[in-house]
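Engineer: sequence-free structure coming up:
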């Protein structure tokens, strides 16, 4: 892998220059508590110390709502609506978000690739940024805390700049075209990088393995815990909407007022909604709130085999953005712990 | 063949009809439907057989009841339009109280010329086929309902809350961030979270979610944990949700231990 360094005083110039590669999006503060990735005009507004965004990066590849076809009802024809996708740069992607995108890739760009997703994905440049966890993070348990693939460049914080890992031909190109902004990595930088990583590893809320969590979940589905926790739930879908890997969408045909034409749209769906498990004939596979609540726990803790990681990347969004204060990790820890551990906790 | 429609108003602010009358595609609506009755727009016409009747307002007088029954008898499909028609509306929050007492409080010993009562939703009196929620409904929804009927299909009522539209829009959550009494989690979507978008907590004007999935109990519990009193929570939730089945029960349950 190729490594270069950028000093603090050159960072804004580099970020400004990124606009030559596409529309620049980066995390900015949108309110007292929340951040979101927005188009960047003034690079000085970029929040380097953000932890999570209220809208996950999936929004750039699967928009919350999009038009797919124009429909001609009279003639039974449809025309795919493919807007031009301009190149864009996502700066400040954390490791969990990068793994999440790779999970989406595996699903949306498999042998039956989703054309809408694929076009956007190919237009996006991904620039990673190191982070320190808060009490909601558990990427360490998901083994998604460090990425070696899935980015063009990855910025690791140093006391006086960033150590940059170059992860793709596009990444090389960006470095080569801006060579005067970069320096060589020296021994001091390597020590600082190592120190940062060690410090980071010591900061997580809990340690151990979650490898068997899915099976423990299945075995404890009858526990009272799930009645109590699902009763707190609003069924509002915030957990899935803010989840970087939740990818269910709903499709709806919307006729125009002339009754002759229309459009097909798709939009983010959620397994927390009643209609998610509703099928023709009126049967519902998940008729109760508890069924829907547990569905998310089972789904997120299942394995995405191509990557060998669970669908949950441990970002903590579902807990942080839960208006009912339901602690996803806390509940999983209750399932993982023996009765003795819970008593002593 | 054009569908014959009627648009009616019982006791309400007539805002739903006004919204229907101000859709940008109004000319197309007039072109593609035969409007048999629309009292707000034209005093011509009588209640006669229609394919679809749209009814806004709550049943708040004996005359409302009579009119509603006549509309129902003459309509193949009846759509309840807006919060008053679906849940009784703001006037419906008096449900459970004595009409005479309320009347006295407002009008004293004065008399009125008709027999009033506490506002109730249409479904208490007649069969309602579809609900078109809103206070008033959004333009997009009005067109969607009309257009699905026009192609011989039927509209799909949203069963997810304002919360979801708020997240899809990327607005900051006022419930989490400011501990505001936002009713977004149990209010039916469709407004694209207009109020939270202006940093204002949802007051629930579009009415609770259908299909028994408006979790007043869970939200009341969260409000309680944020330090809000039972009286405050009830008062807020009752504005548009008083006649949601089991709302009272659900809130009571949360405060059971204290009483």
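Structural biologist: Perfect, I can see it now. No experiment lies behind these values; they were computed from the predicted model shown.

Engineer: how about the most centrally placed residue in chain A, secondary structure?
Structural biologist: Centroid check for chain A by C-alpha atoms, centre = their mean gives residue A:244 as the closest residue, at 2.7 Å. Secondary structure assignment for residue A:244 (DSSP: H, G, I helix; E, B strand; the rest coil): coil.

Engineer: how close does it get to residue A:39?
Structural biologist: Relative to residue A:39, residue A:244 is positioned 20 Å away (C-beta to C-beta, to the nearest Å). Using the backbone N, CA and C atoms, a C-beta is placed for each residue, glycine as well.

Engineer: can you tell me which residues contact the residue nearest to the centre of chain A?
Structural biologist: A:56, A:57, A:58, A:96, A:97, A:100, A:101, A:313, A:315, A:317 (C-beta atoms under 8 Å, 6 or more residues apart in numbering or on different chains).

Engineer: not counting residues beside it along the chain, what's closest to the first one?
Structural biologist: Meaning residue A:56. residue A:244 (3.8 Å; C-beta to C-beta, 6 or more residues apart in numbering or on different chains).

Engineer: got phi/psi on the one you found?
Structural biologist: In this entry, residue A:244 is assigned phi and psi values of phi -70, psi -10 (degrees, to the nearest 10).

Engineer: tell me the pLDDT at it?
Structural biologist: pLDDT for residue A:244: 98.

Engineer: please apply the same query to the one 4 residues further on.
Structural biologist: Listed pLDDT for residue A:248 reads 97.

Engineer: which SS state does the closest residue to residue B:234 other than its chain neighbours fall under?
Structural biologist: Counting by C-beta to C-beta, 6+ apart, residue B:234 lies nearest to residue B:251, which is 5.6 Å off, once chain neighbours are set aside. Using three-state DSSP, the structure places residue B:251 in helix.

Engineer: need the contact list for residue B:251.
Structural biologist: Going by C-beta under 8 Å, 6+ apart, residue B:251 touches B:216, B:217, B:220, B:230, B:233, B:234, B:237.

Engineer: now do 6 Å
Structural biologist: The contact partners of residue B:251, taken as C-beta atoms under 6 Å, 6 or more residues apart in numbering or on different chains, are B:216, B:220, B:234.

Engineer: before we move on, what about residue A:200?
Structural biologist: residue A:132.

Engineer: check for me that it belongs to a helix.
Structural biologist: Yes: under three-state DSSP, residue A:200 sits within a helix.

Engineer: and it, how far is that from chain B?
Structural biologist: 26 Å (C-beta to the nearest C-beta, to the nearest Å).

Engineer: kindly report the same for residue A:19.
Structural biologist: Taking C-beta to the nearest C-beta as the measure, residue A:19 falls 22 Å from chain B.

Engineer: how about that residue, what does it touch?
Structural biologist: Residues near residue A:19 by C-beta under 6 Å, 6+ apart: none.

Engineer: mind running it again at 10 Å?
Structural biologist: A:39, A:40, A:41, A:43, A:89 (C-beta atoms under 10 Å, 6 or more residues apart in numbering or on different chains).

Engineer: kindly state the domain boundaries assigned to chain A.
Structural biologist: Domain segmentation of chain A under automatic domain parsing yields A:2-201, A:213-344.

Engineer: weakest of these by average pLDDT?
Structural biologist: Looking at the domains of chain A, the bottom one is domain A:213-344 with a mean of 93.

Engineer: now the helices for the chain?
Structural biologist: Went with chain A since none was named. A:8-18, A:95-108, A:115-123, A:139-142, A:169-177, A:187-201, A:213-219, A:224-232, A:238-241, A:289-300, A:317-320, A:328-336, A:339-344 (DSSP state H).

Engineer: the chain in question should be chain B.
Structural biologist: With helices called from DSSP H, chain B shows them at B:15-21, B:26-32, B:62-73, B:82-87, B:99-107, B:139-150, B:162-169, B:174-178, B:194-197, B:216-225, B:230-241, B:247-255.

Engineer: re the thing from before, could I get the domains of chain A as a markdown table with distance to residue B:243?
Structural biologist: Formatted as a markdown table, these follow (distance: least, C-beta to C-beta, whole Å):
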| stretch | distance to residue B:243 |
| --- | --- |
| domain A:2-201 | 32 |
| domain A:213-344 | 21 |
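
Engineer: who's in contact with the spatially closest residue to residue A:16 that is not a sequence neighbour?
Structural biologist: In this structure, residue A:16 finds its nearest non-sequential neighbour in residue A:43, 5.4 Å apart by C-beta to C-beta, 6+ apart. Shown in contact with residue A:43 (C-beta under 10 Å, 6+ apart): A:11, A:12, A:13, A:14, A:15, A:16, A:17, A:18, A:19, A:24, A:26, A:91.

Engineer: give the burial count for the last one, as a bare number.
Structural biologist: Summarising burial for residue A:91: neighbours were counted as other C-beta atoms under 10 Å in any protein chain shown, giving 23.

Engineer: any idea how far residue A:321 is from it?
Structural biologist: Relative to residue A:321, and taking C-beta to C-beta, residue A:91 is found at 22 Å.

Engineer: re the thing from before, now, of the helices of chain B, which is deepest in the fold?
Structural biologist: Highest mean neighbour count among the helices of chain B (mean count of other C-beta atoms under 10 Å in any protein chain shown): helix B:82-87, with a mean of 32.

Engineer: return the backbone torsion pair for residue A:110.
Structural biologist: According to degrees, to the nearest 10, residue A:110 has phi -80, psi -160.

Engineer: that one and residue A:305 touch, don't they?
Structural biologist: No: counting by C-beta atoms under 10 Å, residue A:110 sits too far from residue A:305 to count as a contact (11.8 Å).

Engineer: and the nearest residue to residue B:164 once chain neighbours are set aside, what does it touch?
Structural biologist: Counting by C-beta to C-beta, 6+ apart, residue A:237 is the residue found nearest to residue B:164 once chain neighbours are left out, at 4.6 Å. Residues near residue A:237 by C-beta under 10 Å, 6+ apart: A:243, A:246, A:268-273, A:276, A:292, A:296, B:160-161, B:163-165, B:167-168, B:185, B:189.

Engineer: up against chain A, what does the stretch 1-150 of chain B have?
Structural biologist: With C-beta under 10 Å from any C-beta of the partner chain as the criterion, the stretch 1-150 of chain B meets chain A at residues B:2-3, B:23, B:25-29, B:31-33, B:140, B:142-144, B:146-150.

Engineer: now with 7 Å?
Structural biologist: Residues of the stretch 1-150 of chain B lying near chain A by C-beta under 7 Å from any C-beta of the partner chain: B:25, B:28, B:29, B:32, B:143, B:144, B:146, B:147, B:148, B:150.

Engineer: what sits against the fifth one?
Structural biologist: Applying C-beta atoms under 7 Å, 6 or more residues apart in numbering or on different chains, one finds that residue B:143 lies in contact with A:257, B:23, B:25.
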